[in-house]
Structures are given as C-alpha cells and as structure tokens.
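In: Any chance you can model this:
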Amino acid sequence: MGMLLENGAESMERMFGLDLQLLFDSGLTLLAVFVLFLVASNFLFNPVRKMLDGRKKRIEEDLTNAQNEKDAAEKMRAEYEAKIKDTDKEVERILADARKKALDQEMKIVADAREEAAGIIKRAQDEALLEKKKVADEMKQEMIAVASLMAGKVVAGNIDTTIQDSLIEDTLKEIGDSTWLS
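Out: Have a look, this model is predicted:
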C-alpha cells in the first residue's frame, strides 16, 4: 500500500504541480492556439469581414440608388402632374376657341340666311310689283277694248255726247280709282 500511495501521491503531485513539463506543454498549447488564431484570422475571419464589408457597401449603394430613383420618380410625377394641369388648361382653351368659332359661324350663317331672306323678299316684292304693272297694263288694255266697244256703240247708235260722258264715268266708277293707284 505504500507504493500505491507513493504512485498516487506522485500522480497527484504531477497533476497539480507546476513543473517544467507543464509549463512547456502550456506554452506549446498557447503557441499552437495563437498560430491557429492567426491562420483562422487570415483564412476565415478576414475574408468573412471583407465579404460583410462588401455586402454592407452594396446595401448602402442599393439604398442610395433606391433613394435617387425615388427622388427621380417624384420629380417625374410632379412634372407629369404639371403637364396634366397644363393639358387641362390647353383643353379648356381649345374648347373655348371652338365655342367662339362655332358662335362666329352661327352668326355668319344667321346673317347669310337673313341676307338671303331679304333677297327673297325683295325679289318677291319686285315680282309682285311687276305683276301689278302687268295687271294694270292688262286692265288698261281691257279699258281700251271697252272704250273701243263703247265708241263703236256710240258711233253705231249715234249717241249724243252726254250719254257718252255718262258711260265713261260709269265705267270708271265700276273699275274704281284703287285699281289705278295700286
């Protein structure tokens, strides 16, 4: 049992004892961890950092581009709204011009119609006047024929002048003064 205790104590001593072997093993482990950290840093951490930095820059660029495009879209929308307002004003102006032209055309058509109606009325009046003259000429012709007939009767019957004057007066009264005046 004594040996067991010696071996067990020695192993206990070794486990907790700071000897040169433990310090060397600990230094070698620390050196290996440091080298592993440097290797991992160069091959793993730095590429991941670069990738994350690149992604961060791309995201920032995308956000900047999106903001620029949004600003450009807002500007274009404002321009289009202004153009739409201008278009509405232009439509109103065109409609007002069309209404004015239509009114002018209407007034011209009415004036032409009145002028044509006045011409028709004047021609009708001229025709009526010509018809009156024609009727008056026909009446004169009939009076001449009646007077000739009466003269023939006077000559045939040797009527005296008083009877002849009374016949002429009676004929003129029958025909009336209004026939000669119209």
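In: Quick check: Asp86 vs Ile94, distance?
Out: In this structure, Asp86 and Ile94 are 12 Å apart, going by C-beta to C-beta, to the nearest Å. (Glycine included, C-beta is placed from N, CA and C.)
In: element containing the residue sitting nearest the centre point of the chain?
Out: If you average the C-alpha coordinates of the chain and look for the closest C-alpha using C-alpha atoms, centre = their mean, you land on Val91, 4.8 Å from that point. With secondary structure defined by DSSP states H and E, Val91 is part of helix 46-157.
In: how far does that helix sit from the chain's center?
Out: Here the centre of mass of C-alpha atoms in helix 46-157, compared against the chain's by C-alpha atoms, centre = their mean, to the nearest Å, lies 18 Å away.
In: so what secondary structure elements neighbour it?
Out: Packed against helix 46-157 by the contact rule (3 or more C-beta pairs under 8 Å, 6 or more residues apart in numbering; DSSP states H and E) you find helix 161-175, helix 177-181.
In: For those, give me JSON lines that also has distance to Glu131 and mean neighbour count.
Out: Written out in JSON lines, the entries for those read as follows (distance: least, C-beta to C-beta, whole Å; neighbours: other C-beta atoms under 10 Å):
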{"stretch": "helix 161-175", "distance to Glu131": "18", "mean neighbour count": "12"}
{"stretch": "helix 177-181", "distance to Glu131": "14", "mean neighbour count": "10"}
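In: can you list the ones you listed in JSON lines and add distance to Ile120?
Out: Conversion of those to JSON lines gives the following (distance: least, C-beta to C-beta, whole Å):
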{"stretch": "helix 161-175", "distance to Ile120": "33"}
{"stretch": "helix 177-181", "distance to Ile120": "27"}
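In: Looking at those helices, which is nearest to Gln67?
Out: helix 177-181 (101.5 Å; C-beta to C-beta).
In: Show me the shaky parts of the protein.
Out: Across the chain, the ranges flagged by pLDDT under 70 are 1-17, 153-160, 176-182.
In: Now for Lys100: which residues touch it?
Out: In this structure, Lys100 makes contact with no residue, judged by C-beta atoms under 8 Å, 6 or more residues apart in numbering.
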